[in-house]
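J.: Sequence and predicted structure are below.
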Amino acid sequence: MPINGTRHQIRGNGEEDCNHFMWLCNDMTKIDDATLRSVFSRNPILDSGQNISRFTPGPCGTHFEKSLDYYLVLGTGDQMYKRIVSAYHSSSDSILFIVQSDAEAWWRDNRTKSVKRKSDGNRVSFSKFDDILHKTMNWGNWSQNITILEIETPEAAIHYNKFFQ
């Protein structure tokens, strides 16, 4: 089954950007960095982003026809801060953060464990990312359109809901 996406608008408008990215991911059945990065390499209107500096990552992808940067936020907690700082320095009109849901973060940490835990293993999750991002929205000079696309597999949602009933 394809991945699910939920749009969270932080400022401006990003509905079209989310819908387009989900359309590009319509054949995906798993969520991981390599699979999502392949979206940028196989689509002619998208490109991989460039680092800001040697130790500062840039966007994971850019859109050739629009002023839009994409940031994948899937790994461990430190990824959240790197992506937020990088996006803050973006000169694009629009930013789309692609973040795994709380269920996906929990499932990625627990799927191979015989005894499941409540912990998500310090993985990035939508709730954590949203909280941190909102604390930075009072910084000046953010892009005019900022959107979070929360993604998850149906499998993760089922197991998460079953565990936390």
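T.: Now that the structure is in, tell me what you want to look at. Numbering: from 1, shown residues only.
J.: For the most centrally placed residue in the chain, give me its contacts.
T.: The centroid of the chain falls nearest to Ile98 when counting by CA atoms, centre = their mean (1.8 Å). Applying CB atoms under 8 Å, 6 or more residues apart in numbering, we find Ile98 in contact with 21, 36, 70-74, 149, 151. The C-beta positions use only the backbone N, C-alpha and C, and glycine is treated the same way.
J.: Please apply the same query to Arg117.
T.: Residues near Arg117 by CB under 8 Å, 6+ apart: 109-110.
J.: Report the secondary structure state of Glu150.
T.: Of the three states, Glu150 takes strand according to DSSP: H, G, I helix; E, B strand; the rest coil.
J.: Quick check: beta-bridge partners of it?
T.: Beta bridges link Glu150 to Thr6, Val99 when assigned by DSSP bridges.
J.: Would you mind giving me the confidence score for it?
T.: You'll see Glu150 listed with a pLDDT of 97.
J.: That one against Phe97, yeah?
T.: No - contact criterion CB atoms under 8 Å: Glu150 and Phe97 do not qualify, at 9.2 Å.
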